[in-house]
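Colleague: just the structure for this:
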Amino acid sequence: MNDTDSIERLKEVQASVKRSAADYERNPGSVTLIAVSKTFPAEEIEPVLAAGQRVFGENYVQETKAKWLSLRERYPDVELHLIGPLQSNKAKEAVELFDVIQSLDRPSLAEALAKEIAKQGKTPRLFVQVNTGDEPQKGGVSPAEVDAFLEACRTKYGLTIEGLMCIPPAEDPPSPHFALLATIAKRNGLKNLSMGMSADFDAAIQLGATYVRVGSAIFGTRPKTD
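Modeller: Numbering: from 1, shown residues only. Okay, here's the model as predicted:
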């Protein structure tokens with residue numbers, strides 16, 4: 001895909017996000033588009049940066065470090081979100097690299113992040129990932145355990161949690177999962193919801209998403225990784 005394709009796709013997605021927000025009587029500024037650049041090389045991300053997009057999502061610490069250290073020198077106002085699973089032993093690098101960590105999902109990771117935040121004096125914004133479908137192969141806190149985990153994050157680990165994130169099961173209609181996440185957030189006094197991807201962000205916006213994560217609709221088909 002050439003540079004103009006990704007720029008056109010970005011503009012289309014930005015317009016769709018604004019249109020969805022307006023359709024559901026929401027302020028278009030209340031929904032932030034995260035361009036999911038995982039697996040795409042720096043040269044494919046740069047045109048999207050040059051077109052004005054500043055919020056990006058990545059899955060892996062090492063890949064992010066390889067691509068973004070140089071890109072950030074040219075675009076220092078970029079906001080990077082970690083949206084993939086995070087190993088506790090990568091907490092140090094994650095706190096160094098990311099502005100937002102969306103995949104906090106277990107006590108050992110909460111403890112590791114708390115230590116690094118105290119050590120580095122950096123405070124990435126934190127989201128708790130909820131496994132709304134209770135899928136055994138997927139990260140995230142079970143819906144039945146989220147309230148207790150949020151309380152532990154706040155009181156035991158001294159972490160400020162800003163919102164919740166979910167990835168609904170691929171075979172399920174997404175809206176019930178988005179509604180569940182919104183319900184959990186509301187009862188815990190959390191205003192930010194990261195939910196909705198290329199195929200379903202309209203439904204997510206309808207149900208209160210404040211961040212939508214869109215990759216293929218902007219960058220095209222992902223490179224195959226073996």
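Colleague: CA atoms for contacts and neighbours, from now on please.
Modeller: Will do.
Colleague: for residue 110, see how far away residue 116 is.
Modeller: 10 Å (Cα to Cα, to the nearest Å).
Colleague: between the two, which has more neighbouring residues?
Modeller: When neighbours are counted by other Cα atoms under 10 Å, residue 110 comes out ahead of the other of residue 116 and residue 110, with 23 against 18.
Colleague: show the pLDDT at residue 222.
Modeller: Looking at residue 222, its pLDDT stands at 75.
Colleague: so which elements touch the lengthiest helix in the chain?
Modeller: For the chain, the longest helix by residue count, based on DSSP state H, is helix 3-23. On a contact count with 3 or more Cα pairs under 8 Å, 6 or more residues apart in numbering; DSSP states H and E, helix 3-23 meets helix 42-50, helix 201-206, helix 216-219.
Colleague: in the first one, what's buried?
Modeller: Neighbour-count burial for helix 42-50, counted by 16 or more other Cα atoms under 10 Å, picks out 45, 46, 47, 48, 49.
Colleague: report the contact partners of the residue nearest in space to the middle of the chain.
Modeller: Centroid-nearest residue in the chain: residue 83, 4.4 Å away (criterion: Cα atoms, centre = their mean). Going by Cα atoms under 8 Å, 6 or more residues apart in numbering, residue 83 touches 57, 58, 59, 101, 102, 103.
Colleague: mind listing the helices for this structure?
Modeller: So, for the chain - with DSSP H - the helices run 3-23, 42-50, 61-74, 91-97, 107-120, 146-155, 175-187, 201-206, 216-219.
Colleague: among these, which is the most enclosed?
Modeller: helix 201-206 (a mean of 23; mean count of other Cα atoms under 10 Å).
Colleague: just for the protein, where's the confidence low?
Modeller: 1-2, 223-226 (pLDDT under 70).
Colleague: if you set the cut-off to 90 instead, what comes out?
Modeller: Scanning the chain for pLDDT under 90 picks out the ranges 1-4, 221-226.
Colleague: in this structure residue 146 contacts residue 132, no?
Modeller: No. Using Cα atoms under 8 Å, residue 146 makes no contact with residue 132, being 10.2 Å away.
Colleague: quick one on the thing from earlier: measure the residue nearest to the centre of the chain to residue 31 for me?
Modeller: For residue 83, the distance to residue 31 - Cα to Cα - is 17 Å.
Colleague: repeat for residue 181
Modeller: Residue 181 is 16 Å from residue 31, by Cα to Cα.
Colleague: then residue 93?
Modeller: Taken as Cα to Cα, the span from residue 93 to residue 31 is 28 Å.
Colleague: cool, residue 185 as well?
Modeller: Distance from residue 185 to residue 31, by Cα to Cα: 16 Å.
Colleague: again with residue 89
Modeller: Residue 89 is 32 Å from residue 31, by Cα to Cα.
Colleague: look at those two and report which has more neighbours.
Modeller: residue 31 (21 against 12).
Colleague: got a list of what that one touches?
Modeller: So residue 31 contacts 17, 18, 21, 205, 209, 210, 211, 212 (Cα under 8 Å, 6+ apart).
Colleague: want to try TSV for the residues you listed, with distance to residue 75 as columns?
Modeller: Below are these laid out as TSV (distance: Cα to Cα, whole Å):
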residue	distance to residue 75
17	24
18	24
21	28
205	28
209	26
210	24
211	21
212	22
